[in-house]
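Asks: Sequence first, then the predicted structure:
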Amino acid sequence: MGGVHYIVDKLNAPPFSRGVTLISFSEKTSEELLQLLSDVFAKISPKHQRHTGQETPEQTADRLANFLKIVKFQPNVDPVTFRQQLAAADHDVVYGVLKWVLSQGQVLEKRAFVGYYLTLPDMPEELSYHPEVMELKESIKALQSEFIDTHKALDAAQQEVKELPQLRSRIKQMEEEKERLQEKVEKAAAQAAGLPDASNYREICVALRQEHDREVAISQQLQAQQQQLERAEASFQQSAGRLRQMQQHLAGQGGANVDAARVLEILQDDVARLRAQVTNRWPRELEARQRRLAAVQDTLNNGINTEGDLQRLFAQEQALKQQIGSIQDHLAAAERARAADRAFLQVRQAQQMSTLVARKKSELSAKLERLQEKRDTLAATLDSSKAAAGGSITGGISDEDWRAKYEQIKSQLPNYKAMKKELSELEAEAFTLSRTVEILQQQENEMKRAVHKQEQKAGVQGYADVQGQLEKISEEKEQVDEAKGAVLQEVSATVEQITASIEQKKVQLAPAIQELRALRTQFQVRTSLCCIAAVYVHACCLIE
């Protein structure tokens with residue numbers, strides 16, 4: 001929250017004077033954050049004075065990322081991921097960029113002006129080695145070199161013009177000091193003229209002064225050599241520590257079986273650490289020391305050369321501190337006088353901020369869980385792919401495979417951007433709806449408290465609860481009735497379905513039943529004939 005406080009304070013201060021609060025700043029949508037970032041950049045470079053609604057979020061992110069590259073901003077992630085997060089107006093990325101830009105002040109104005117003309121225009125890679133393009137690049141580099149020389153000359157001329165009054169005052173002071181010293185020298189020469197061996201005294205004084213200057217030079221050389229010795233000892237200690245680490249590692253690996261990959265990994269880590277110091281830490285320290293040196297030179301150029309000047313400045317500082325203390329006491333008294341009126345407002349703001357922080361914390365926790373699940377899924381997929389591939393893969397992926405993969409990802413990129421934009425809009429809408437639900441719940445609670453108070457006054461305490469329970473029971477009865485009606489409809493549909501199935505079976509079995517009846521009639525006729533024939537045969541047998 002400290003970074004957000006700092007950003008809000010800087011945005012409310014000149015030259016921005018946005019008049020934002022912590023709550024309004026935290027509730028800004030993605031589009032509003034990109035517009036705010038563009039407006040801040042417009043104060044540094046007027047080329048960014050435009051409305052983000054006239055361009056897509058990807059175009060806005062490309063424009064802002066190119067500007068940050070010109071002013072030498074170093075993101076914590078790779079450029080592609082940074083552009084995607086910037087296009088989605090990720091709060092961590094936007095807040096980090098705003099804090100870095102607002103803390104630089106006027107340093108970025110000069111850097112943006114110079115970097116704009118010293119940056120080569122982007123062009124397709126297939127055209128980079130075209131003869132005309134290469135010739136155009138050479139001409140651009142020549143013009144850039146001429147621009148650098150001209151800009152340095154302009155800065156020097158402006159600095160000279162800016163320091164001209166100070167130089168005149170210093171020259172005047174030095175001339176006055178020279179006159180005073182000449183008077184002192186003349187007085188000393190007049191006093192020493194009557195002494196015997198005045199010339200020898202003069203030579204002794206000159207030799208003493210030379211020896212004193214030589215002693216000062218030798219002491220400075222001694223300090224420089226001591227510093228070199230300390231740096232050499234520190235480097236020796238660091239090298240000895242690295243040697244001990246390597247020896248311990250080799251001893252742990254069995255001495256003879258040296259793990260060259262591990263040794264190379266350690267050396268690469270050292271190189272990465274040193275590169276990070278060279279690219280990040282030391283430039284910042286150098287810039288801070290240069291600003292300190294410029295402030296000291298400015299102070300010295302303002303005529304602060306003697307102890308009396310310092311005492312005068314200390315007196316002014318003490319007077320200013322007393323004035324600041326009296327003003328702070330007055331403000332504290334006024335603040336205490338207004339504290340009673342502002343207590344409710346502060347509590348209200350604290351409640352809103354706590355609710356907002358809790359919601360953001362839950363959102364970030366859910367996002368972290370999703371990312372961890374995605375990471376575990378990708379790791380499992382990678383392991384399964386490696387297990388399925390086995391040892392059949394002897395070489396790396398070919399250029400054709402990489403190119404095909406690149407084309408596949410490139411073809412899916414517009415769909416991804418559209419879905420990402422839709423997701424951002426849905427998240428913004430969900431945030432607005434959740435905020436509306438919270439406000440409505442607060443209003444509902446306030447209305448409930450007011451109703452309870454009215455019930456207590458009227459002597460019917462609990463009427464609203466009973467009414468609510470009756471309404472709830474009636475709603476449950478309606479739900480049960482609806483369920484009964486649904487069951488009856490389902491039973492009726494089932495009976496109708498069974499009846500229809502029986503009628504269908506009757507229709508299907510009608511021909512078979514008629515055929516069976518005909519066969520029964522034939523069977524009865526044939527059975528009677530068989531009986532008659534049997535009687536006839538039996539009678540014949542008896543006659544014989």
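Replies: Happy to help now that I have it. Residues are numbered from 1 along each chain as shown.

Asks: helices and strands of this structure: which one has the lowest mean pLDDT?
Replies: Least confident helix or strand, the chain: helix 107-118 with a mean of 66, by mean pLDDT, DSSP states H and E.

Asks: contacting residues for the residue nearest to the spatial centre of the chain?
Replies: Within the chain, the residue whose C-alpha comes closest to the C-alpha centroid is residue 93; the distance, by CA atoms, centre = their mean, is 1.8 Å. Applying CB atoms under 8 Å, 6 or more residues apart in numbering, we find residue 93 in contact with 75, 82, 85, 86. Bear in mind the C-beta positions are built from the backbone N, C-alpha and C, glycine included.

Asks: ok, now with 6 Å
Replies: 85, 86 (CB atoms under 6 Å, 6 or more residues apart in numbering).

Asks: element containing it, please.
Replies: Secondary structure from DSSP states H and E places residue 93 in helix 91-104.

Asks: how about that helix: buried residues?
Replies: 91, 93, 94, 95, 96, 97, 98, 99, 101, 102 (16 or more other CB atoms under 10 Å).

Asks: distance of the last one from residue 12?
Replies: Distance of residue 102 to residue 12, given as CB to CB, to the nearest Å: 11 Å.

Asks: Same question for the fourth one.
Replies: Taken as CB to CB, the spacing of residue 95 relative to residue 12 amounts to 16 Å.

Asks: Check which helices and strands the longest helix seen in the chain sits against.
Replies: For the chain, the helix that runs over the most residues, judged by DSSP state H, is helix 307-389. Using 3 or more CB pairs under 6 Å, 6 or more residues apart in numbering; DSSP states H and E, no helix or strand is in contact with helix 307-389.

Asks: Which helix or strand lies directly C-terminal to that helix?
Replies: Downstream of helix 307-389 (by DSSP H and E), the next one is helix 399-458.

Asks: and the angle for that following helix with helix 307-389?
Replies: 110 degrees (axes from the mean of the first three to the mean of the last three CA atoms, to 10 degrees).

Asks: how far out from the middle of the chain is helix 399-458?
Replies: Relative to the chain's own centre, helix 399-458 is displaced by 20 Å; criterion: CA atoms, centre = their mean, to the nearest Å.

Asks: what's the next secondary structure element after that helix?
Replies: With DSSP H and E, the next secondary element past helix 399-458 is helix 463-543.

Asks: shaky segments in the stretch 201-350 of the chain?
Replies: 249-260, 262-263, 298-309, 337-350 (pLDDT under 70).

Asks: residue boundaries of the helices in it?
Replies: Per DSSP state H, counting those that start in this stretch, the stretch 201-350 of the chain carries helices over the ranges 260-276, 282-301, 307-389.

Asks: so residue 75 is in which element?
Replies: Here residue 75 is assigned to no helix or strand, by DSSP H and E.

Asks: was I right about it contacting residue 83?
Replies: No - here residue 75 does not reach residue 83: they are 9.3 Å apart, not a contact under CB atoms under 6 Å.

Asks: Now do stretch 431-449: everything it contacts.
Replies: Outside stretch 431-449, not a single residue reaches it (CB under 6 Å, 6+ apart).

Asks: Low-confidence stretches in the stretch 1-150 of the chain?
Replies: 1-2, 46-53, 105-130.

Asks: Can you report how many residues neighbour residue 43?
Replies: 15 (other CB atoms under 10 Å).

Asks: Chain neighbours aside, what residue packs nearest to it?
Replies: Excluding the flanking residues, the one nearest residue 43 by CB to CB, 6 or more residues apart in numbering is residue 15, at 5.8 Å.

Asks: Contacts only, for residue 327.
Replies: By CB under 6 Å, 6+ apart, residue 327 has no neighbours at all.

Asks: Quickly note the distance from it to residue 135.
Replies: For residue 327 relative to residue 135 (CB to CB), the value is 65 Å.

Asks: for residue 401, same thing?
Replies: From residue 401 over to residue 135 (counting by CB to CB), the distance is 36 Å.

Asks: With residue 207 instead?
Replies: 67 Å.

Asks: and what of residue 96?
Replies: Separation of residue 96 from residue 135 (CB to CB): 41 Å.

Asks: Also residue 370?
Replies: 52 Å.

Asks: Please apply the same query to residue 210.
Replies: On the measure of CB to CB, residue 210 and residue 135 end up 61 Å apart.

Asks: hang on, the earlier thing: tell me the angle of the helix holding residue 93 relative to helix 307-389?
Replies: Note on geometry: by the same axes, to 10 degrees, helix 91-104 and helix 307-389 are set 160 degrees apart in direction.

Asks: Return the alpha-carbon coordinates of helix 91-104 using PDB.
Replies: The C-alpha trace of helix 91-104 is given here as PDB (Å, rounded to 0.1, in the frame of the first residue of the first chain):
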ATOM      1  CA  HIS A  91      -2.100  -3.700 -11.600                       C
ATOM      2  CA  ASP A  92       1.400  -4.900 -10.500                       C
ATOM      3  CA  VAL A  93       2.900  -3.900 -13.800                       C
ATOM      4  CA  VAL A  94       1.100  -0.500 -14.100                       C
ATOM      5  CA  TYR A  95       1.800   0.400 -10.500                       C
ATOM      6  CA  GLY A  96       5.400  -0.500 -10.800                       C
ATOM      7  CA  VAL A  97       5.800   1.600 -14.000                       C
ATOM      8  CA  LEU A  98       4.000   4.600 -12.500                       C
ATOM      9  CA  LYS A  99       6.100   4.500  -9.300                       C
ATOM     10  CA  TRP A 100       9.300   4.300 -11.400                       C
ATOM     11  CA  VAL A 101       8.300   7.100 -13.800                       C
ATOM     12  CA  LEU A 102       7.000   9.400 -11.000                       C
ATOM     13  CA  SER A 103      10.100   9.000  -8.900                       C
ATOM     14  CA  GLN A 104      12.400  10.000 -11.800                       C
END
